[in-house]
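> Predicted coordinates and the sequence they were generated for:
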Amino acid sequence: MWQIVERKIGRAGSVKQRQKRQQAWNRKYGEDNWMIGYLIEGEFIIQEDAFDLIYYPSYVQHFQNHPKDLEELIHTAKKLRNPHADATTGVDLQVPAILKYLEEQQLHLQGTELVDIGSWKNQYSHAISIRLSPLHIKVVGNPKMTLEKFWQERKCLAIWKEERP
């Protein structure tokens, strides 16, 4: 079973920062003995599953509640980019979430422009870039919390502990 050992572990950071932290966790807890995830309804959920339970459904909810954002995105964008992830070699979750939604709805980008999802140093390509940023998307089931706040503040590190008989 998973036992949470560190809470609020912060942003993933650049590739080098992630590798350094992962090496430290390997030394401290053992290689393949730790996992990043989220405590959701009292249960530790690994990050990849949390994407499917929280991150992606938050974008689904946003598009259902704001169909004009979806329409604008489809008619403006030819391609999507996360400028923050590109600039910092950070992890990009918002573009994959949006592309998954489009694919599942059998929708296609029909525009001609590169559209940023989010910003970097207050620079962004379109107004829709900010509206679709995880800094503004509400967490599914919690309209008072943004997706970015949830994803950063609720992230934790757990280690695998064998259950005692």
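Nice, thanks for sending it over.
> drop to CA atoms for contacts and neighbour counts, all remaining ones
Fine.
> per-residue confidence averaged over the lengthiest helix in the chain?
In the chain, ranked by residue count with DSSP state H as the criterion, the top helix is helix 15-29. Regarding helix 15-29, the rounded mean pLDDT is 89.
> Could you do stretch 145-163 as well?
90.
> what comes up buried for that stretch?
Neighbour counts using 16 or more other C-alpha atoms under 10 Å place 146-151, 154-159 of stretch 145-163 among the buried residues.
> Spell out the residue ranges of the helices in this protein.
15-29, 47-50, 56-65, 67-76, 83-88, 94-104, 127-131, 147-153.
> how close does N65 sit to A12?
Separation of N65 from A12 (C-alpha to C-alpha, to the nearest Å) stands at 29 Å.
> ditto for Q152
For Q152, the distance to A12 - C-alpha to C-alpha - is 9 Å.
> and of the buried residues of stretch 145-163, the nearest to Y56?
Taking C-alpha to C-alpha as the measure, Y56 sits nearest to L147 out of those, at 9.9 Å.
> so who does that closest one touch?
For L147, the contacting residues are 55, 58, 134-139, by C-alpha atoms under 8 Å, 6 or more residues apart in numbering.
> Adding distance to W25, write those residues out as JSON lines.
Conversion of those to JSON lines gives the following (distance: C-alpha to C-alpha, whole Å):
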{"residue": "Y55", "distance to W25": "25"}
{"residue": "S58", "distance to W25": "30"}
{"residue": "P134", "distance to W25": "27"}
{"residue": "L135", "distance to W25": "28"}
{"residue": "H136", "distance to W25": "32"}
{"residue": "I137", "distance to W25": "31"}
{"residue": "K138", "distance to W25": "31"}
{"residue": "V139", "distance to W25": "29"}
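> Now for the spatially most central residue of the chain: which residues touch it?
Closest to where the C-alpha atoms of the chain average out (C-alpha atoms, centre = their mean) is L93, at 4.0 Å. Going by C-alpha under 8 Å, 6+ apart, L93 touches Y55.
> Could you report the neighbour count for A97?
Look at A97: counted by other C-alpha atoms under 10 Å, it has 19 neighbours.
> surely it meets S58?
No - with contact defined as C-alpha atoms under 8 Å, A97 does not reach S58; the gap is 9.0 Å.
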